[in-house]
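Asker: Build me a model:
(4 chains)
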There are 4 protein chains.
Amino acid sequence: MDDIEIEFDTDDGVKADVLIEGLPGIGQVGKLVVEHLIQELKAERIVEITSIFFPPQVLIEPGGVVRLPNNEVYLWKGKEQSIAFLVGDYQSTSNEGHYLLCEAYLDVAEELGVRRVYTLGGYGVGQIVDEPRVLGAVNDRELVPEITAAGAVMTGDEPGGIVGASGLLLGLAKRHGIEGVCLMGETPGYLVDPKSAAGVLAVLSRLLGIRIDQARLAEHAGEMEKILEKYQEKYQEIEKDREEESLNYIG
Amino acid sequence: MDDIEIEFDTDDGVKADVLIEGLPGIGQVGKLVVEHLIQELKAERIVEITSIFFPPQVLIEPGGVVRLPNNEVYLWKGKEQSIAFLVGDYQSTSNEGHYLLCEAYLDVAEELGVRRVYTLGGYGVGQIVDEPRVLGAVNDRELVPEITAAGAVMTGDEPGGIVGASGLLLGLAKRHGIEGVCLMGETPGYLVDPKSAAGVLAVLSRLLGIRIDQARLAEHAGEMEKILEKYQEKYQEIEKDREEESLNYIG
Amino acid sequence: MDDIEIEFDTDDGVKADVLIEGLPGIGQVGKLVVEHLIQELKAERIVEITSIFFPPQVLIEPGGVVRLPNNEVYLWKGKEQSIAFLVGDYQSTSNEGHYLLCEAYLDVAEELGVRRVYTLGGYGVGQIVDEPRVLGAVNDRELVPEITAAGAVMTGDEPGGIVGASGLLLGLAKRHGIEGVCLMGETPGYLVDPKSAAGVLAVLSRLLGIRIDQARLAEHAGEMEKILEKYQEKYQEIEKDREEESLNYIG
Amino acid sequence: MDDIEIEFDTDDGVKADVLIEGLPGIGQVGKLVVEHLIQELKAERIVEITSIFFPPQVLIEPGGVVRLPNNEVYLWKGKEQSIAFLVGDYQSTSNEGHYLLCEAYLDVAEELGVRRVYTLGGYGVGQIVDEPRVLGAVNDRELVPEITAAGAVMTGDEPGGIVGASGLLLGLAKRHGIEGVCLMGETPGYLVDPKSAAGVLAVLSRLLGIRIDQARLAEHAGEMEKILEKYQEKYQEIEKDREEESLNYIG
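Answerer: So this is what the prediction gives:
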C-alpha cells in the first residue's frame, strides 16, 4: 500500500463547493458537528482514506467485523450547493504524517473542485464555560468580515496556534488557492462537549446558509460520551498491556 | 538491505491454503498456539523475513551463535490442506513499520495462494478469568456463522480494536481478497497464559478440521514462562544500561 | 508539498556576503539578536521555508489570520556588504529533520553567494551570570584570531557540543566551503535573556563592522517575555489537552 | 547530504583483513580497547562516516573548532596483516538508522576486502565483578573453537541478545559472507571499565596474534572517566534546557 491511499467510491466526477473537516480533537467538537450534519443531511460516502500514519490496528464494528482505521469524505448535494465532509477515526500518529495527510485531503478537495474549507474544533480553555464563544480564524484577511458577521469572534489572541488537521488544512489550503475558515468552540477540553458543538453549528449554518435541526445533537453527544467512557477504560488497559508485553518477548 | 527482506528457503513454488499468525503479543497466546502447532505438525520453515523495523540487535542462540531478529513462515502439507504459520521474535518497533510489515506478510500469503488468514492473540481483561472465552472477529460478515459454530464468541463489543499484526493483517487482507479471522483468548494480559491458548487452539482445530494433541501445550508454556522470567530480568537491566549509557558518551 | 519547501520572494538573483542565524533556542538569545538586527536595519524578507519537520499546526497572527510555521531569510543591503538573516518559529521536530533543514538553509546560503555563516545562541550555565561572556566556536582554525579579537572567548571547553541548527550549520557549512562562526552568550537557560543577547550583539557588530543601536533590544526582550509567558501557559494546556485527547478517540 | 555519507580519505585502494568495531556502549569497553589499539599501533584514519541518524549537533574540539559527529575507520598495516578499526562519537539515534548504518559499515568492510569483523563491547551484569570474564558470540558455529581457545566463554546464555552495532554487525555480516566475532567484557554497566577492557584486549590479541602494551590502557581510562564526568553533568543540563526550551518558543 502507498503511505496514504485515497479511494473514490465512484467514478462519477463528483463535485463539491465546500469541504467541512470534523476529525477527532479537543472536546470532540468538530467530530460532533460534522457527524451530526452527515446524519441530518443524509450525506453519502464518496472517499475512503487509509494510511500508514494512522494507528496500527483495526476497529471492530458491531457484529464483529473489523475495518482499518480510516478517514472518510461524505457528500451532500443540495439544490444550491454541494457540501463535502471529512470525518474519521484518528489523526496522524506522527508529526510528518500530519502534513502529508492534510496535503492528501487537499488533493481530494481540489479534485472535488472545492473553493472553501471549513475546519471545526474545540478551543480548550481548561474550565467549564457558561456561554462558550465560537472563535474564528481564516487563511485570508478578506474572509474576516463574513466570519464575524456570522457570529464568530476573531480575538487574534490564541497563542499556541491551531494544532493538527484543523490548523494545517487552513495553512496548506492557501497554497492550493482554497479559502480556509476555522471555527473553534470554547470548551473545557477534557469532556465531550455538545454545547460547544451547538455553538459552532449555529455559526456554520449561517455561513453555509442552511438550516439544521439541532435536536438530535445533544442526544448524539450523550451516546458518544457513554461509548467514549468504555473505550477509554479499555484503551488504557490495552496500552498497559502493550507496555508490559514489550518486556515479555522471548528473544 | 531493503527495509523489509523476504527470503524463500526454496524455489519450489510452495503453496498453502491458510496462513496462521502467532506473533508475540498479549499473554503470548498466539505465539503459544502457533509454536505448538509447528511442533506437533512438524511444519518446516519456508520463509525468513528480516527488517529495519525490528529491534536493532541480534539474538544469541544456545552455543553462542547469533542471528538477526526475524519473522518466519513455516509450512505443513497435510493430505487435504496445506497450512502456513507466521511466527517470530518481535513485531514492528514503529507504527508505520507495522503497516509495511503486514503488507509484506500478505505478499507472502498471496504468493503461497493463501485464501484465508487466521490471526491469534490474547484479549487482555486485566484479571484472572476462570473460564476464558475465545472472542472472534472477521473481515467479512459472511464468515460469522462459521466462526461462531466453531465456538468463538462474537461480542462485537471490543472497544479499542485489535492492535498490531493480529488486527492489521485482517484489515489489510481484505484488500488482497483474502478472508481474515481473528481468535482472541481472554487472558489477564500480564502472564503467559497456556489455558487461554488451549481455548484458542480448540476453536482453531475445529475450524481447520484437524486434531492436535494438547498435552505438550501446558508443558511448553511452563518452559516459556521460566525463560521469560530470566529474559525479563535481563532485559530490564539492559534497558537500564542503555539509558545510562546515553549519558555516558564522550562527545 | 516536498519535505522542505524553499520559496524565494523575488527572482532578482539577490546576493549576500554573510548569513546570520537566530532561530529559537536557549534563552532566545540568537532570536533576540537577529530580530533586533532585522528591525534596526530594516531588512526585507526574501525567502520562506516551510517543512513537514516543523510542528503540525498553524500560528494565528493578530487579526485572526493563520499561517504555517516557517523559517525566513531576510536581506539587508548595506553600502559595503549585504547581510542575510535566518529566523523562524521553530526548529525541526525530529533528529533527521535537523540535518535536512540545515542542508536546505545552506543551499539557500550558496545560492546567495554567502561566504560566512554566523550562528547565534545561548550557552546555558544553569544560573544567573553577572557578567555573561560570549563564547565562540568556529569551523576553521584560521578564524580563531579574528573571533577572539572581537571579544569572544574560545574556551574549547564546552562539553556536549552545540545542539541544533547553531551547531549543525557550522559543521555542515564546511562541506559547502562556507566559513562558520558560532557566538553563544552565557545565560541561565530558562529565561529570555536580553543581557546575554546584548553581549552577543556587541561581538557580532565588531565582526561585521557595523554599528547597531541597542536601545530597543531590552525593550523588545521585555515584550517577548510577556508574550512567552502567555504562550507557555497556553501551550501547556494544549499539550495536556492533546494527551487527554489521545485517550478520547472514538475508535 | 545523503542519509549516510561515507568518505574515503585516500583513493589508494586500501585493504584490510579484519575490521574491529569499538563504538560507544556499555562501560565504554569496546571504545576503550579500540582507541587504545589505534594509539598503540599508530593506525591512520582512512574513512569518515557522517549521517542524519547521528545526533543533530556538533562537537567542539579543544581550541574551539567544531566538527560533525562521525564514525571513523582507521587502518594499521602490519607485516602479516592489515587491521581496520571502527570508532566514533555515537551510535544511531533511531532504530531504523542502526540497521542502515551497520549496512554502511559493512559496505566499507567489503570494499576493504575484510574477511572477519570483531565487535567489542561490555556485558552489563549490574554489579562489580571481581574477575570479569570475556563472553563470546559468533555468526558461524565453526568459529566457536577458535574463540574459546583464545579465552572467551561461550555461555550461550545471554538473554536479551546483543543490542546495537556490536550485535547487528555480526548478524548482517553473515549476509556479506563476512565472519563475525563479538567479545563482551563483563562489567557493572554504569562505569567506564578499563579492567573489563583489558580482559577483552587480552583475548583479542590472542585472536589477532599481535602483542599490545597494556600499560597506557588504565591511564587512558582514567582520563576518559574525568572527561565523561564533566560531559555528563553538562549533557544533563543541556537536555534540561532543551526540554524547557520546547516550552519557550514564540509561536
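
Asker: alpha carbons only for contacts and neighbour counts from here, please
Answerer: Noted.

Asker: In space, what's closest to A:Ala221 - neighbours in sequence excluded?
Answerer: Residue nearest to A:Ala221 in three dimensions, not counting chain neighbours: A:Pro194, with 5.7 Å by Cα to Cα, 6 or more residues apart in numbering or on different chains.

Asker: any idea where the strands of chain A begin and end?
Answerer: Ranges of strands within chain A are A:4-8, A:18-21, A:44-51, A:57-61, A:65-67, A:71-77, A:82-88, A:116-124, A:134-138, A:162-163, A:179-187, based on DSSP state E.

Asker: so which of the ones you listed comes closest to D:Ile46?
Answerer: Closest approach to D:Ile46 among those (Cα to Cα): strand A:4-8, 42.9 Å.

Asker: who's in contact with that closest one?
Answerer: Residues from elsewhere that reach strand A:4-8 (Cα atoms under 8 Å, 6 or more residues apart in numbering or on different chains): A:46-53, A:101, A:104.

Asker: try 7 Å this time
Answerer: Contacts of strand A:4-8 with the rest of the structure, by Cα atoms under 7 Å, 6 or more residues apart in numbering or on different chains, involve A:46-52.

Asker: Test my guess that A:Glu48 contacts A:Asn71.
Answerer: Yes: using Cα atoms under 7 Å, A:Glu48 is in contact with A:Asn71, at 6.1 Å.

Asker: higher neighbour count, these two?
Answerer: Neighbour count, other Cα atoms under 10 Å in any protein chain shown: between A:Glu48 and A:Asn71, A:Asn71 has more, with 21 against 18.

Asker: mind checking how far the more buried one is from B:Asp140?
Answerer: Here A:Asn71 is placed at a distance of 20 Å from B:Asp140 (Cα to Cα, to the nearest Å).

Asker: what does A:Asp17 give?
Answerer: From A:Asp17 to B:Asp140 the distance is 35 Å (Cα to Cα).

Asker: The contacts of strand A:4-8, buried ones only, as a ChimeraX selection?
Answerer: A single ChimeraX command suffices to select whichever of the contacts of strand A:4-8 are buried according to 16 or more other Cα atoms under 10 Å in any protein chain shown:
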select /A:46,47,48,49,50,51,52
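
Asker: now the contacts of strand A:4-8 as JSON lines including distance to A:Glu40 and pLDDT?
Answerer: Supplementary listing: the contacts of strand A:4-8 in JSON lines, determined by distance: Cα to Cα, whole Å; pLDDT from 0 to 100:
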{"residue": "A:Ile46", "distance to A:Glu40": "17", "pLDDT": "97"}
{"residue": "A:Val47", "distance to A:Glu40": "19", "pLDDT": "98"}
{"residue": "A:Glu48", "distance to A:Glu40": "21", "pLDDT": "97"}
{"residue": "A:Ile49", "distance to A:Glu40": "23", "pLDDT": "98"}
{"residue": "A:Thr50", "distance to A:Glu40": "26", "pLDDT": "98"}
{"residue": "A:Ser51", "distance to A:Glu40": "29", "pLDDT": "98"}
{"residue": "A:Ile52", "distance to A:Glu40": "32", "pLDDT": "98"}
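
Asker: Adding distance to chain D, write the contacts of strand A:4-8 out as TSV.
Answerer: What follows is these, written out as TSV (distance: Cα to the nearest Cα, whole Å):
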residue	distance to chain D
A:Ile46	37
A:Val47	33
A:Glu48	30
A:Ile49	27
A:Thr50	23
A:Ser51	20
A:Ile52	16
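
Asker: Contacts only, for A:Val65.
Answerer: By Cα under 7 Å, 6+ apart, A:Val65 lies in contact with B:137-141.

Asker: scratch that, A:Tyr123 is what I was asking about
Answerer: Neighbouring residues of A:Tyr123 by Cα under 7 Å, 6+ apart: A:26, A:184-187.

Asker: Keep only those that also lie close to chain C.
Answerer: Contacts with chain C within these, counted by Cα under 7 Å from any Cα of the partner chain: A:Ile26.

Asker: Pick out whichever of the contacts of A:Tyr123 sits closest to chain C.
Answerer: Within the contacts of A:Tyr123, the smallest distance to chain C is 6.1 Å, found for A:Ile26 (Cα to the nearest Cα).

Asker: And A:Pro132, its phi and psi?
Answerer: phi -60, psi 130 (degrees, to the nearest 10).

Asker: Verify the contact between it and A:Met184 for me.
Answerer: No: under the criterion of Cα under 7 Å, A:Pro132 makes no contact with A:Met184, lying 9.8 Å away.

Asker: When these two are compared, which one has more neighbours?
Answerer: In terms of neighbours (other Cα under 10 Å), A:Met184 is the more surrounded of A:Pro132 and A:Met184; the figures are 29 against 20.

Asker: Was I right to think that one contacts A:Val138?
Answerer: No: with contact defined as Cα under 7 Å, A:Met184 does not reach A:Val138; the gap is 11.4 Å.

Asker: Overlap in contacts, the two.
Answerer: Both A:Met184 and A:Val138 lack any common contact, where contact means Cα under 7 Å, 6+ apart.

Asker: All the helices of chain A, in order from the start?
Answerer: A:29-41, A:95-112, A:144-149, A:165-173, A:194-208, A:215-245 (DSSP state H).

Asker: which of the ones you listed sits most buried?
Answerer: Most buried of the helices of chain A, by mean neighbour count (mean count of other Cα atoms under 10 Å in any protein chain shown): helix A:165-173, with a mean of 28.
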